[in-house]
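[1] for reference, the sequence and a predicted model appear below.
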Amino acid sequence: MTRIVYADNAATTSLSRHALEEMMPYLTKEYGNPSTVYSLGRSAKKAMENARAKIASALGCRPDEIFITSGGTEADNWAIRSAAIMKKDKGKHIISTVLEHHAVLHTLKSLEKAGYEVTYLGVDSAGNISLDELKNTIRQDTILITVIAASNEIGTIMPIAEIGALAREKGILFHTDAVQAVGHIPVNTEEMKIDLLSLSAHKFKGPKGIGALYIKKGLRLPSNMYGGAQERGLRSGTENVAGIVGMAAALEEAVSNMDNNIKKISAMRDRLIDGLLKIPYTRLTGDPVNRLPGSASFVFECIEGESMVLLLDQAGICASSGSACSSGSLDPSHVLLAIGLPHEVAHGSLRLSLNEDNTEEDVDYILEKLPPIISRLRDMSPLWEEKISGKPIK
Ligand SMILES: *Cc1c(COP(=O)(O)O)cnc(C)c1O
């Protein structure tokens with residue numbers, strides 16, 4: 001049997017055993033509806049509120065600032081659309097970046113169709129934005145700044161605290177899609193002056209289909225879902241109690257082990273990066289230092305990313321090319337183009353994302369299996385022949 005090396009933790013993670021154990025009662029005997037008054041319902045409600053308190057404590061906010069959603073996508077949609085509607089009398093200008101996830105990008109596109117104007121800040125070749133450019137982009141009618149906390153594709157970490165301070169000073173709402181950051185690097189809504197923050201459980205070893213939106217106290221965000229008035233009237237629908245409990249357990253675990261995890265995971269990441277950069281015509285994408293602990297992303301010239309991913313799969317390695325969400329489309333990811341890579345180079349992208357479950361043996365295995373796959377694909381590539389012979393092919 002081939003071994004499986006899972007190196008796609010930016011796409012999703014395995015469920016934490018601790019989270020599963022905490023969830024089990026709420027998938028079996030504790031099935032009460034939290035809105036009911038008898039004890040079966042009350043105990044579900046208690047578990048849910050206990051979970052909300054854990055999530056709040058992980059982010060440095062109040063429990064009544066945490067609103068449960070079905071995941072990162074819903075939190076992003078809710079935050080951005082609601083902020084736009086709420087502030088439309090002040091203006092219709094929104095500032096974002098070219099690094100955003102599709103959950104943000106496509107929400108912004110829909111607002112552009114509805115008459116809003118969005119400025120997308122560009123990034124340098126390492127994926128960093130310029131705070132000066134952000135400052136100069138702010139206008140009288142700017143109502144929202146929405147910036148991803150850390151890139152899901154290239155791992156670069158954004159200066160969230162600096163953006164938060166600037167937005168607060170200018171009286172502009174600040175939302176961050178922190179789906180890749182929460183549970184992995186320190187995030188504090190108070191210190192970073194964040195008004196709205198999206199998170200998703202399945203990116204930190206919680207269950208899929210559950211997430212949260214942090215809404216700063218006092219913001220009167222419009223409702224995301226009308227009905228039975230759950231989540232203090234803002235997001236109706238019978239709660240996913242087991243999911244909420246699992247999300248909180250996974251987050252508490254991730255935050256309590258964060259320092260050790262960062263050390264362990266970034267050491268493996270660096271060994272992977274050093275090893276793979278020995279392959280000729282290979283570049284690291286994203287910032288070499290200012291990046292997520294588990295993120296190792298590359299482009300290999302004269303390689304077709306999808307073929308590489310399929311051959312890696314045959315060797316038992318799970319990885320992504322571009323972004324999982326843009327697979328299936330022929331265009332290279334908008335993020336790789338935004339950092340200035342030519343189309344043909346961006347096609348050869350590979351994202352390996354590690355977490356605390358990976359081992360040094362996993363790194364050895366990838367370092368053993370990937371270089372021959374690259375050689376094999378290049379041997380079949382006319383572009384490669386042209387590149388090494390220095391002669392254009394006819
Ligand atoms: C995964 C991801 C999302 C979407 O979260 P879901 O819970 O899968 O809907 C949004 N933003 C970023 C940066 C992500 O990595």
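    Cool, the structure landed. Numbering: from 1, shown residues only.
[2] who in the stretch 201-350 of the chain is up against the ligand?
    Neighbours of the ligand within the stretch 201-350 of the chain, by Cβ under 6 Å from any ligand atom: His202, Lys203, Gly211. Placement of C-beta: from N, CA and C, glycine included.
[3] can you verify the first one is assigned to a helix?
    Pointing back at His202 there. Yes - counting by DSSP: H, G, I helix; E, B strand; the rest coil, His202 falls inside a helix.
[4] and it, how many residues sit next to it?
    By other Cβ atoms under 10 Å, the residues close to His202 number 23.
[5] OK, contacts around it?
    Thr12, Thr13, Gly71, Lys208, Gly209, Ile210 (Cβ atoms under 8 Å, 6 or more residues apart in numbering).
[6] settle this for me: the third one is touching Gly206, isn't it.
    No - shown here, Gly71 and Gly206 do not form a contact pair, counting by Cβ atoms under 8 Å, at 10.1 Å.
[7] so the two - more neighbours on which side?
    Taking neighbours as other Cβ under 10 Å, Gly71 and Gly206 compare with Gly206 leading, 30 against 23.
[8] got a list of what the residue nearest to the more buried one when sequence neighbours are not counted touches?
    The shortest distance from Gly206 to any non-neighbouring residue, by Cβ to Cβ, 6 or more residues apart in numbering, is to Ala250 (3.5 Å). Applying Cβ under 8 Å, 6+ apart to Ala250 gives the contacts Leu15, Ser16, His18, Ala19, Gly183, Ala201, Phe204, Lys205, Gly206, Pro207.
[9] ok, Leu105 next?
    The neighbourhood of Leu105, defined by Cβ under 8 Å, 6+ apart, consists of Ser96, His334.
[10] quick one: Ile244 from the ligand, how far?
    Distance, Ile244 to the ligand, by Cβ to the nearest ligand atom, to the nearest Å: 14 Å.
[11] pretty sure that residue sits in a strand.
    No - using three-state DSSP, the secondary structure at Ile244 is helix, not a strand.
[12] check contacts around it.
    Shown in contact with Ile244 (Cβ under 8 Å, 6+ apart): Ala47, Met48, Ala51, Arg52, Ile68, Ile210.
[13] with only the CA atoms kept, save stretch 378-389 in CSV.
    Provided in CSV are the C-alpha atoms of stretch 378-389 (Å, rounded to 0.1, in the frame of the first residue of the first chain):
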residue,chain,number,x,y,z
ARG,A,378,9.9,18.4,-18.2
ASP,A,379,11.3,15.6,-20.4
MET,A,380,7.9,15.5,-22.1
SER,A,381,7.7,19.3,-22.5
PRO,A,382,8.5,21.1,-25.7
LEU,A,383,8.8,24.3,-23.7
TRP,A,384,11.5,22.7,-21.6
GLU,A,385,13.4,21.5,-24.6
GLU,A,386,13.4,25.1,-25.9
LYS,A,387,14.5,26.4,-22.6
ILE,A,388,17.5,24.2,-22.1
SER,A,389,18.6,24.2,-25.7
